[in-house]
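S.K.: could you work out the structure for the sequence below:
(one chain, ligands or ions: 1)
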Amino acid sequence: LANPQWGGRFATGPAAVMGEINASIGFDKRLWRQDIRGSLAHAAMLAKVGLLTTEEEAQIREGLLTIADEIEAGSFAFSTALEDIHMNIEARLSERIGEAGKRLHTARSRNDQVATDFRLWVRDAIDGLDGQIATLMTSLATRALEFHALPMPGFTHLQVAQPVTFGHHLLAYVEMLARDRGRLADARARLNECPLGSAALAGTSFPIDRRFTAAQLGFDRPTANSLDAVSDRDFALEYLSALSLLGMHLSRLSEEIVIWCSSPYNFIRLSDAFTTGSSIMPQKRNPDAAELVRAKIGRIGGDFIGLLMVMKGLPLAYAKDTQEDKEPVFDATEAATLSLAAMDGMVRDLTPHAARMREMAGAGFATATDLADWLVRVLRLPFRTAHHVTGRLVGMAEAKGCDLGELTLEEMRSVEPGIDASVFDVLTVEASLASRTSEGGTAPEAVRRAATLWLHALEGI
Ligand code: ARG
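M.R.: Now for the predicted structure:
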């Protein structure tokens, strides 16, 4: 049988495989709320300009709300033959209310309809993720305040570099996540234009009021060019690119969690709630959640590149290729949502092994830079010379099998005669941390202030 929505000029229906490749209902049913919202606004506009009677508009409104209830209740029968969510809902509307339902598609095409629905969906998704990111930032800042003074080794090249505090480390991720929120907000502001009224590609001859529909749906304005409006998926790509950076950040934090709770490091313990056991090795506590969040960027980045390749080379205006825009966006959204929730749980629950972190913060000659800085500040040595002197002292301590602070004053003086006993004051982890008072540095007092500022800012959300 030919399609009841567009089959007028067709003698037979599609081949089975044509139906299969053509249909998007299997995944675009997730747009049902947005589709009904869009149709309600469109119908209200049609009534406002006199293309529907008040009575017809009331029937349509009622019909659409009943359909929403049916879908919500799980009693709506989705049909693959009706291809997509738009025609499923429209066909059901006509079935329920007759003639008035058949008037709804006046001055509209599925091309501007789907572009509108999808923008609404992405906008809703951005709002949901924004709240989740803010929640994770709050958890990180809360833990950062708690551990603003807890020393841990800071690394470069994954080699012990200088002591930092655990709070400072956690706040680094708060900064990254703040940028992620900013990128999503930028994408949201740019996507917030309404394609409805662009019709198939050229606009329409009906006296529609696009500003009215745009306002009804919370858009800032109608899109400016009908060809662009029906074929543009930049908004989905911007969203996926912002999610890719978010996913990358979550992946980096996950990797650190995996490292921190590995036996040789033993910096933190994840709670039982976010750990799994081994079916053969009874002693194991595996950080599976962190590993899975670490991996999710594979999907999210793949979704971004996948849609980018779909859009590359598409001629104007609409082409069915863009139907392939939805699954990557849904998939990436699910991955990001789940990752944020799991990461938040891990961050809230984790326990640092404070003594172990403190011990490792001082290992590996982590205060060598403090010694070099002392030589510059007190003895006025040029930094390069101080670096060289310190290097020799590190070599001496290494050969002796002790820390820098355990060298005797005589040993130190054999390399640089100007050194006096006050040098030992800067060689402790605590002194090193307290001295890092430059803006954005790891001094515990500065970290406490930064965490407090973030918590205040996040409260205001
Ligand atoms: N299911 C289609 C999509 O997701 C709706 C638009 C179809 N438009 C058309 N001219 N065939 O893109």
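S.K.: quick check: residues of the stretch 251-400 of the chain near the ligand?
M.R.: When proximity is defined as CB under 6 Å from any ligand atom, the stretch 251-400 of the chain approaches the ligand at Tyr318, Lys320, Thr322, Gln323. Every C-beta, even on glycine, is put in place using the N, C-alpha and C of the backbone.
S.K.: now, among these, which is nearest to the ligand?
M.R.: Nearest to the ligand among these: Gln323, at 3.7 Å, using CB to the nearest ligand atom.
S.K.: so what's the residue count around the closest residue to the closest one other than its chain neighbours?
M.R.: Spatial nearest neighbour of Gln323, excluding adjacent residues (CB to CB, 6 or more residues apart in numbering): Ser24 at 5.1 Å. Using other CB atoms under 10 Å, Ser24 has 21 other residues around it.
S.K.: doesn't Ser139 make contact with Asp344?
M.R.: Yes: judged on CB atoms under 8 Å, Asp344 makes contact with Ser139 at a distance of 5.3 Å.
S.K.: give me the next element, helix or strand, following the lowest-mean-pLDDT helix or strand in the chain.
M.R.: Among the helices and strands of the chain, helix 16-22 carries the lowest confidence by mean pLDDT, DSSP states H and E, at a mean of 92. On the C-terminal side of helix 16-22, the closest following helix or strand by DSSP states H and E is helix 25-28.
S.K.: the residue nearest to Gln323 against Glu83, yeah?
M.R.: Yes: Ser24 lies in contact with Glu83 (CB under 8 Å); the separation is 6.6 Å.
S.K.: coming back round to it: from His86, how far off is the residue nearest to Gln323?
M.R.: 9 Å (CB to CB, to the nearest Å).
S.K.: do Leu140 as well
M.R.: 41 Å.
S.K.: more neighbours, these two?
M.R.: Leu140 (28 against 25).
S.K.: give me the average confidence score over the helix or strand harbouring that one.
M.R.: Per DSSP H and E: Leu140 is located in helix 110-146. Averaged over helix 110-146, pLDDT sits at 98.
S.K.: I'd like to know which elements it is packed against.
M.R.: Packing partners of helix 110-146 (3 or more CB pairs under 8 Å, 6 or more residues apart in numbering; DSSP states H and E): helix 32-48, helix 85-97, helix 166-191, strand 193-194, helix 226-231, helix 234-260, helix 326-349, helix 444-459.
S.K.: confidence score at Thr54?
M.R.: Looking at Thr54, its pLDDT stands at 98.
S.K.: wait, it touches Ala47, no?
M.R.: Yes: under the criterion of CB under 8 Å, Thr54 makes contact with Ala47 at 6.0 Å.
S.K.: and the two? Which one has more around it.
M.R.: Ala47 (18 against 9).
S.K.: show me the contacts for the more buried one.
M.R.: Neighbour list for Ala47: Thr53, Thr54, Glu56, Glu57 [criterion: CB atoms under 8 Å, 6 or more residues apart in numbering].
S.K.: give me the element the last one is part of.
M.R.: Following DSSP H and E, the helix or strand that holds Glu57 is helix 54-73.
S.K.: let me see the residues that make contact with that helix.
M.R.: Residues outside helix 54-73 that contact it (CB under 8 Å, 6+ apart) are 29, 32-33, 36, 39-40, 43-44, 46-47, 52, 76, 89, 92-93, 96-97, 100-101, 103-104.
S.K.: try stretch 392-411
M.R.: Outside stretch 392-411, the residues touching it (CB under 8 Å, 6+ apart) are 362-363, 365, 367-368, 371, 412, 415, 419-421, 424, 427-428.
S.K.: average pLDDT for that stretch?
M.R.: pLDDT averaged over stretch 392-411 gives 95.
S.K.: now stretch 233-250
M.R.: 98.
S.K.: do it and the ligand meet?
M.R.: No: Stretch 233-250 is not in contact with the ligand by CB under 6 Å from any ligand atom; minimum separation 9.9 Å.
S.K.: tell me which residues in that stretch are buried?
M.R.: 233, 235-247, 249-250 (16 or more other CB atoms under 10 Å).
S.K.: what's the closest of the residues you listed to the ligand?
M.R.: In terms of CB to the nearest ligand atom, no member of these lies closer to the ligand than Arg233, at 9.9 Å.
S.K.: now that closest one: phi and psi?
M.R.: According to degrees, to the nearest 10, the main-chain angles of Arg233 amount to phi -130, psi 20.
S.K.: just give the closest residue to it, not the sequence neighbours.
M.R.: Closest residue in space to Arg233, ignoring its immediate chain neighbours: Asp325 at 5.1 Å, by CB to CB, 6+ apart.
S.K.: residue contacts, that neighbour?
M.R.: Phe118, Arg233, Ala236, Leu307, Val310, Met311.
S.K.: hmm, the second one is touching Thr322, no?
M.R.: Yes: the pair formed by Arg233 and Thr322 meets the contact definition of CB under 8 Å, at 5.8 Å.
S.K.: thinking again about what came up before, same question for the helix holding Glu57: list its buried residues.
M.R.: Neighbour-count burial for helix 54-73, counted by 16+ other CB under 10 Å, picks out Glu56, Glu57, Gln59, Ile60, Arg61, Gly63, Leu64, Ile67, Ala68, Ile71.
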